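> Coordinates for the following, if possible.
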Amino acid sequence: MARDDELLDNWWDDAFSGPVSFMRFKFSKDLENADIAVLGVPYDLGTTNRPGARFGPRAMREQSTLTGEFEYGLWPWDYHIAEHHKVIDYGDICNFVGYPERMTDALQKTVDEILASDTACFSMGGDHFISLPLLRSHVKKFGPLALIHFDAHSDTWVDEDYNHGTMFYHAIKEGLIDTKHSIQVGLRTPNPETHGIEIIFADELDEMKASEVAERIKKRVGNNNAYLTFDIDFLDPAYAPGTGTPVSGGPSVIKGRNILKALAGLNIVGGDLVEIAPAYDPIGNITAVAGATLGGDILYLISEALRR
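Numbering: from 1, shown residues only. I've put the predicted structure just below:
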């Protein structure tokens, strides 16, 4: 059973009522008594197509009132995170609208403080550019990291500009990513440069079982510390139309979830889920529902790593 003291006072209310925090965890800035902090980064000035991902963190929180409503946890995980770890919703970083450099500085400062307290961090975007400052902060603590990257795009464009298609190119240049132990999954756009990262393209992914994909990832990452980043456009637009750069031919939500759950056992020290732009959902916030659920899975993976 979940520990009531770890959750909002009225977390058991109907999903459509009560305060809105991620999976009903308490809003708090108390890092001394936290194991994992959930951080929203409502930023979308790095997009190269449709904007709107600044509304992603709010949409994920709203839909997570449903995914987080059960005291026994998120299916198919067989426990509630609160049984083992103190999770807080740290709120959002803000006050940078129109000033990308302010966002980068504010995000790195905030995550530096979170990690310095020995609290792990799961971040909600926002566009995918936020992974660069997030990686910088995590590498300060853990050293170069294996990257586990779920996406339709490589985001390694060789370009000196900073946007949501170039940040991993810059991360590699900065020495943040251990490319020999990194892997990208679901790519289905032209990718002439691998930069030494292993790739599972979408057509190959479609032919593989989720367990086979997970084993391939585990073999690549090994026992190294890893950062997991999940762009919602990894999913086919049938399951996630609310995103800035949708690409047909992707996997389903259940395949993505099954892959993630099978990654339990890896040393995942941090992660993010990005690129939910709810304005492009036709009805029912279906992309945010998927994102809130997958975000919960990533939170569990961080929790599993902490338990070891």
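
> Number of residues surrounding residue 99?
Residues lying near residue 99 (other Cβ atoms under 10 Å) number 12. C-beta coordinates here come from the backbone N, C-alpha and C atoms, glycine included.

> what's near enough to touch residue 267?
223, 224, 225, 226, 305, 308 (Cβ atoms under 8 Å, 6 or more residues apart in numbering).

> quick one: which of these sit in strands?
225, 226 (DSSP state E).

> can you give me the helices in the protein?
Here the chain has its helices, by DSSP state H, at 56-67, 100-116, 131-142, 167-173, 202-207, 210-221, 253-261, 286-307.

> Contact partners for residue 32?
With Cβ under 8 Å, 6+ apart, residue 32 has these contacts: residue 117.

> rerun at 10 Å
117, 118, 119 (Cβ atoms under 10 Å, 6 or more residues apart in numbering).

> Just give the nearest non-adjacent residue to the first one, would you?
So that's residue 117. residue 31 (3.8 Å; Cβ to Cβ, 6 or more residues apart in numbering).

> Looks like that neighbour contacts residue 119 (just checking).
Yes. Contact criterion Cβ atoms under 10 Å: residue 31 and residue 119 qualify, at 5.0 Å.

> okay, those two: which has more neighbours?
residue 119 (23 against 17).

> so the more buried one touches residue 269, yeah?
No. The pair residue 119 / residue 269 is not scored as a contact, 11.4 Å apart, by Cβ under 10 Å.

> Give me the common contacts of the two.
With Cβ under 10 Å, 6+ apart, residue 119 and residue 269 have common neighbours residue 306.

> From residue 144, how far out is residue 181?
Remark: distance between residue 181 and residue 144 (Cβ to Cβ, to the nearest Å) = 9 Å.

> got any residues that touch both of those two?
224, 225.

> which residues are common contacts for residue 31 and residue 119?
With Cβ under 10 Å, 6+ apart as the test, residue 31 and residue 119 both reach 37, 88, 90, 113.

> Once you drop chain neighbours, what's closest to the third one?
Taking Cβ to Cβ, 6+ apart, and ignoring the residues beside it in sequence, residue 90 has residue 37 as its nearest neighbour in space, at 4.2 Å.
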